[in-house]
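In: below are the sequence and a predicted model; questions follow.
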Amino acid sequence: MRKLNCVLFLCVSEMLWGQRPAMVPVKEPAVVYAPELVHELETLREAALSSEYAYQQVAYLTENIGARPTGSPQADAAAHHVIDTLRQAGLDARLEQVMVPHWVRGAETAELAAWPGQTPGTIQKVVVTALGGSTATAPEGLTNEVVVVRSFDELKALGKDKVAGKIVLFNVKFDTRKAAGGHWRDAYGEAVQYRGQGAKAAAELGAAASLVRSVGGADYRIPHTGYSVPAGIPAGAVSAEDAELISHLAQQGTVRLHLTLTPQLLPEVPGYNVVADLKGREHPEQVVIVSGHLDSWDLGTGAIDDAAGVAIAMDAVQLMARLHLHPKRTVRVVAWMNEESGLRGGTGYAKAHAGELANHVAAIESDRGAGHPMGFNAKISAAALPQLEPLEKILATFGANVFSVSSEEVEADISPMAEAGVPTFGIMQDGRTYFNYHHTPADTLDKIVPHELQENVAAAAVLAYALANLPEPLPRQ
């Protein structure tokens, strides 16, 4: 490939999860930032690249508070910690209530009860976890034959006669080669549909329960949880190794599995978005959001998904306050609640602020881990691109200068604002190993690389401050 004169790429993609977009070099910026703004952006970048604040926040959220499933005391404690911390940084912070679901995990066990070649009196344990939205088995569990399929079409072809009363296992592999090649979002998108919709499809054919091969890239016999559309039957995920075991045995003959899952869906409870403003000096009514989601799944402690995103947003804006930078427009931190199992925080915010969305200049979210940032996925008008071109030199110093423009959503919590025309940005992190840990017991603080977290803070801070100081807001979509 020939050498490009400039390393800022403006990419156009048909779908967020689709094929790699074409890249076009930008030779000369069509817009020039004022020298004072460039100096402020460079100062902010350097401060972010040496800041330990974000790592300290991730550590507290994950180790002191722990897992933060929606509706839990830990989720509530995390919201209060974030608001108190941001108030200490001088931001105007408040809690905005949303009603959230409260699903709790119960007992979860599985074992093979019968299979071809079984030694009399033996069982084989299977590593399993319940999926969010799952209903419960009876307390004593259920024991049924397993039907293994590798696609929705294969399930449909079996028909109700061969599925009714059985446990359906979707043994769909996560494509690790795609992930290693940088197409990790494509790999995830291909596999995660079975976690989200598998139970519903199985229930429609009369299945007694649904299992899915864990959606992730590391086969260390750990399960990956996540949300499954409620279907009225128990729904779980088994480790990749156990999915292969069951599949191999089922090819030889009848396999029966004893499954116990006892989750509960409790009454809805109040949850909270944390909203904190660094007020704009000229147009305080115009808002640039920097955000991450505060809730997590409960198997690990939610470090990469998504304490890191919350900490990145917190650090980016507290740095502006600490450096006495005064943006023209308001820069707002939002720590979203309930991204994982319902998006109540994102949809609730868009509804509560519907009359103000015309003055929301942009929204940024980090929810792809804490790996090295390469730039941003953006759902913006093509007419907005010239206003972003001067960021190339500032972001290029640490390699975060790619803008991939898509017609699809870039992050879940800010997608309701995108639908209202607000320009939205998601940080484009290196996710080649993200799904090794995502939604698993291994999503813990040690997976955070401090200097890469600092790079993410720098990327978010530079973009947010630039957007808050442009002569004119970005054009709407």
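Out: Perfect, I can see it now.
In: CA only for contacts and neighbour counts going forward, please
Out: Fine.
In: for the helix ranked longest in the chain, packing partners?
Out: In the chain, with assignment by DSSP state H, the single longest helix is helix 184-204. Packing partners of helix 184-204 (3 or more CA pairs under 8 Å, 6 or more residues apart in numbering; DSSP states H and E): helix 152-163, strand 167-170, helix 176-180, strand 209-213.
In: quickly, which of the ones you listed bottoms out on average pLDDT?
Out: Comparing mean pLDDT across the helices and strands packed on helix 184-204, the weakest is helix 176-180, with a mean of 92.
In: which residues does that one contact?
Out: By CA atoms under 8 Å, 6 or more residues apart in numbering, the residues outside helix 176-180 that reach it are 184, 185, 186, 187, 217, 431, 432, 433.
In: taking those together, which two end up most distant?
Out: By the measure CA to CA, 186 and 433 form the most distant pair in the contacts of helix 176-180, at 13.6 Å.
In: next, the angle strand 209-213 makes with the longest helix of the chain.
Out: Our comparison of helix 184-204 with strand 209-213, counting by axes from the mean of the first three to the mean of the last three CA atoms, to 10 degrees, yields an angle of 160 degrees.
In: tell me which residues of helix 184-204 are tucked away?
Out: Neighbour counts over helix 184-204 (16 or more other CA atoms under 10 Å) mark 184-188, 190-192, 194-203 as buried.
In: check contacts around the residue nearest the centre of the chain.
Out: Centroid-nearest residue in the chain: residue 367, 4.1 Å away (criterion: CA atoms, centre = their mean). By CA under 8 Å, 6+ apart, the contact set of residue 367 is 292, 293, 305, 306, 309, 411, 426, 427.
In: next step: these restricted to strands.
Out: Judged by DSSP state E, strands contain the following of the contacts of residue 367: 292, 293, 426, 427.
In: tell me which of these is nearest to residue 97?
Out: Residue 97 lies nearest to residue 293 out of the ones in strands among the contacts of residue 367, by CA to CA, at 14.6 Å.
In: report how many residues lie close to that closest one.
Out: Number of residues near residue 293 (other CA atoms under 10 Å) recorded here: 29.
In: that one and residue 339: what is the separation?
Out: Applying CA to CA, to the nearest Å, the value for residue 293 to residue 339 is 6 Å.
In: which residues are in contact with both of these two?
Out: Common contact partners of residue 293 and residue 339 (CA under 8 Å, 6+ apart): residue 413.
In: returning to what we had before: what about the longest helix of the chain, average pLDDT?
Out: The average pLDDT within helix 184-204 is 96.
In: what's it in contact with?
Out: Under the criterion CA under 8 Å, 6+ apart, residues 17-18, 152, 155, 163, 168, 170, 172-176, 178-179, 209-212, 215-216, 226-235, 237, 431-432, 435 lie in contact with helix 184-204.
In: swap in 7 Å and give it another go.
Out: Residues outside helix 184-204 that contact it (CA atoms under 7 Å, 6 or more residues apart in numbering): 17-18, 168, 170, 172-175, 178-179, 210, 212, 215, 227-229, 231, 233, 235, 431-432.
In: tilt between it and helix 152-163?
Out: Angle, helix 184-204 to helix 152-163, by the same axes, to 10 degrees: 20 degrees.
In: from the middle of its chain, how far away would helix 184-204 be?
Out: 16 Å (CA atoms, centre = their mean, to the nearest Å).
In: check stretch 32-50 too.
Out: Here stretch 32-50 is found 29 Å from its chain centre; the criterion is CA atoms, centre = their mean.
In: what of stretch 94-109?
Out: Average the C-alpha atoms of stretch 94-109, do the same for its chain, and the two points are 17 Å apart (CA atoms, centre = their mean).
In: same deal with stretch 167-175?
Out: Distance, centroid of stretch 167-175 to centroid of chain: 22 Å (CA atoms, centre = their mean).
In: hang on, the earlier thing: if you rank the contacts of residue 367 by neighbours, which is first?
Out: Looking at the contacts of residue 367 with neighbours defined as other CA under 10 Å, the largest count falls to residue 306 at 32 neighbours.
In: ok, it - contacts?
Out: 292, 293, 294, 296, 367, 369.
In: please redo it, this time with the cut-off set to 8 Å
Out: When the contact criterion is CA under 8 Å, 6+ apart, the partners of residue 306 are 292, 293, 294, 295, 296, 366, 367, 368, 369.
In: would you convert the helices and strands packed on helix 184-204 into TSV that also reports distance to residue 142 and mean neighbour count?
Out: Below are the helices and strands packed on helix 184-204 laid out as TSV (distance: least, CA to CA, whole Å; neighbours: other CA atoms under 10 Å):
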stretch	distance to residue 142	mean neighbour count
helix 152-163	16	14
strand 167-170	10	28
helix 176-180	33	17
strand 209-213	9	29
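In: dump the ones you listed to a markdown table, plus distance to residue 357.
Out: Shown next, in a markdown table, are the helices and strands packed on helix 184-204 (distance: least, CA to CA, whole Å):
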| stretch | distance to residue 357 |
| --- | --- |
| helix 152-163 | 39 |
| strand 167-170 | 41 |
| helix 176-180 | 36 |
| strand 209-213 | 39 |
